[in-house]
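> Give me coordinates for this.
(one chain, ligands or ions: 1)
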Amino acid sequence: MTRAGRLLAMSLSGALASCAGKQNALGGQGTEDANFILLFVVFLAVCALMYLIVLAGLTFARRRGRNADRTNSVDEGRHEQTSLRTRSALVIWTGLVTAGLTGLTVASFFADRSNARNTRRAGLMLTVTGNQWWWNVQYDTSDPSKSVRTANEIHLPVNVPVHVTLKSNDVIHSFWVPNVAGKQDLIPGRVTDVELLPTRTGIFRGQCAEFCGVQHSHMALDVIVEPLVDFQRWYAHQLSLAPTPATPLQIAGYRYVVSRECSSCHNIAGTPAGGQIAPDLTHVASRRSIAAGTLPLNRGNLYGWVADPQSQKPGNRMPTIGMDPKDIHAVVAYLETLK
Ligand SMILES: [Cu+2]
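Next up is the predicted model:
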């Protein structure tokens, strides 16, 4: 293989690898995403065709120019014939461009219309609020006692249309779960929304898509699309209060959490910890990650985070308070019970 061939193969495999997996705009795991993929293919095909026509026209013109130079012809009749051909080529080209652009506009219109239609039959309502740098997730119900609040992780039943209301508490963020749907901005003081209709089960990654400060890239969320029964089981569990600590170490951790700084920001349902400005911790140990997708949830990362959140995610709103090692030990033991 030539050097150019190798380079092309490497770039193509790199591009394909970046398109695979749980954060993939060409994943097609939602109807909106599938519409966008179709639209993308149509745009790509039309633009590629136009590009090839331009290249063919340029090659043809170059050859004719060379031939004309060689014959050095000053034949009047031929000159007239050439300008006639140029005029017809221009007319054909203008027609092609107009038809192409009109076709693309119509395709965009139908893709948007199809996405907008999904919204009319939402079976689940969510409110997602962007914060520097984490996502607050609220499942909205007519009965507030049946509403679930969680953070940085969304569970969705497959094939159920979901209406997501988007808000921001500070700066502009953008909600993007590329496998399922397109982006939508979260703007302070305004309410926006997006529709999700996941059509395949799986675990996907959402990411803030609008630069929102120093930890913008660490503002991710896990989206778990599962069969309806699994979703209902998860939802029922999320409605339950936090488990009661059992061992002396867990009890010491519980006491620390509900009586010290933690409780003024974090909520743990069923305990005196009722803070609302930081992620809800009622079932934090049932999630896949902490710190908005920054760290996988495991004991080591919990220790690191509780002891010194500023070294794990510099600039985040949780201060490093210089805890005593025995308190860190106890708090982590308690947090691990919050399944
Ligand atoms: Cu953001």
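
> so which residue of the stretch 51-200 of the chain comes closest to the ion?
The ion sits closest to residue 173 of the stretch 51-200 of the chain, with a gap of 3.4 Å, by CB to the ion. Placement of C-beta: from N, CA and C, glycine included.

> Tell me who's in contact with residue 339.
243, 283, 285-286 (CB atoms under 8 Å, 6 or more residues apart in numbering).

> Take the residues you listed and lay them out in JSON lines including pLDDT and secondary structure.
Formatted as JSON lines, the contacts of residue 339 follow (pLDDT from 0 to 100; DSSP: H, G, I helix; E, B strand; the rest coil):
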{"residue": "243", "pLDDT": "93", "secondary structure": "coil"}
{"residue": "283", "pLDDT": "95", "secondary structure": "coil"}
{"residue": "285", "pLDDT": "94", "secondary structure": "helix"}
{"residue": "286", "pLDDT": "94", "secondary structure": "helix"}
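
> Most neighbours among those residues, which one?
Within the contacts of residue 339, most neighbours by other CB atoms under 10 Å means residue 283, with 22 neighbours.

> State the phi and psi torsions of residue 195.
phi -110, psi 140 (degrees, to the nearest 10).

> Quickly note the distance from it to residue 117.
9 Å (CB to CB, to the nearest Å).

> higher neighbour count, the two?
In this view residue 195 and residue 117 are compared by other CB under 10 Å, and residue 195 has more residues nearby, 23 against 12.

> Make sure that one is actually in contact with residue 30.
No. Contact criterion CB atoms under 8 Å: residue 195 and residue 30 do not qualify, at 9.1 Å.

> so what's in contact with the two at the same time?
residue 181.

> For the residue nearest to residue 139 when sequence neighbours are not counted, grab phi and psi.
Once flanking residues are discounted, residue 139 sits nearest to residue 148: 4.3 Å by CB to CB, 6 or more residues apart in numbering. Phi and psi for residue 148, reported as degrees, to the nearest 10, are phi -110, psi 140.

> Next up, the contacts around the spatially closest residue to residue 193 that is not a sequence neighbour.
In space, and not counting its chain neighbours, residue 193 is closest to residue 165: 5.2 Å by CB to CB, 6+ apart. For residue 165, the contact set (CB under 8 Å, 6+ apart) comprises 125-128, 140, 191-193.

> that older thread, farthest pair in the contacts of residue 339?
243 and 286 (10.7 Å; CB to CB).

> For the two, list the residues in contact with both.
With CB under 8 Å, 6+ apart, residue 243 and residue 286 have common neighbours 338-339.

> tell me the mean pLDDT over stretch 154-170?
Here stretch 154-170 scores 94 as its mean pLDDT.

> Just the terminal-to-terminal distance for stretch 271-286.
18 Å (CA to CA, to the nearest Å).

> buried residues in it?
By neighbour count on 16 or more other CB atoms under 10 Å, the buried set for stretch 271-286 is 271, 273, 275, 278-285.

> which residues are contacting it?
Stretch 271-286 is contacted by residues 134, 136, 149-152, 237-238, 241-242, 254, 257-259, 262-270, 290, 297, 317-318, 335-339 when judged by CB under 8 Å, 6+ apart.

> Can you give me the neighbour number for the residue nearest to residue 210 when sequence neighbours are not counted?
In this structure, residue 210 finds its nearest non-sequential neighbour in residue 174, 3.6 Å apart by CB to CB, 6+ apart. By other CB under 10 Å, the residues close to residue 174 number 21.
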